[in-house]
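1. Just need the structure, nothing else, for what follows:
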Amino acid sequence: MPLERSLGKEVGALLRKDHTDAGVKILAKENIASINGNQDKSVRSIILTSGREVEVDLVVFGKGVTPATEFLANVGLDMQQDGGVSCNPFL
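-> Numbering: from 1, shown residues only. From the prediction side, this is the model:
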């Protein structure tokens, strides 16, 4: 689900519906092996690691990360379930 971790399941579902209703194809959990361009340097298609080629007009690439916070597990900080460190509104 797009932006689920940062905005929650409900907002992620709304964003996904808005985009797919507008004709956007979301290829979640896919990996891009290469991007093919035209002579004018615009994007023409992508090749997925599965070998599938997808013609595109635009590529929006997002990659999530997992915080490397295991070393903080026993130091008394308030930790989130995903391993993130709870912060106040000023951080």
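2. rest of the way, CA atoms for contacts and neighbours
-> Noted.
3. how about the helices of this protein, start to end?
-> Per DSSP state H, the chain carries helices over the ranges 4-7, 9-21.
4. Where among those is average confidence lowest?
-> Mean pLDDT values for the helices of the chain show the minimum at helix 4-7, a mean of 73.
5. Let's have the helices of the chain in a markdown table, adding distance to Ser34 and mean neighbour count.
-> What follows is the helices of the chain, written out as a markdown table (distance: least, Cα to Cα, whole Å; neighbours: other Cα atoms under 10 Å):
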| stretch | distance to Ser34 | mean neighbour count |
| --- | --- | --- |
| helix 4-7 | 26 | 11 |
| helix 9-21 | 24 | 14 |
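6. Tell me where this structure is predicted with low confidence.
-> Filtered on pLDDT under 70, the chain yields the residue ranges 1-2, 64.
7. Distance to Gly83 added to the helices of the chain, as JSON lines?
-> Formatted as JSON lines, these follow (distance: least, Cα to Cα, whole Å):
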{"stretch": "helix 4-7", "distance to Gly83": "12"}
{"stretch": "helix 9-21", "distance to Gly83": "19"}
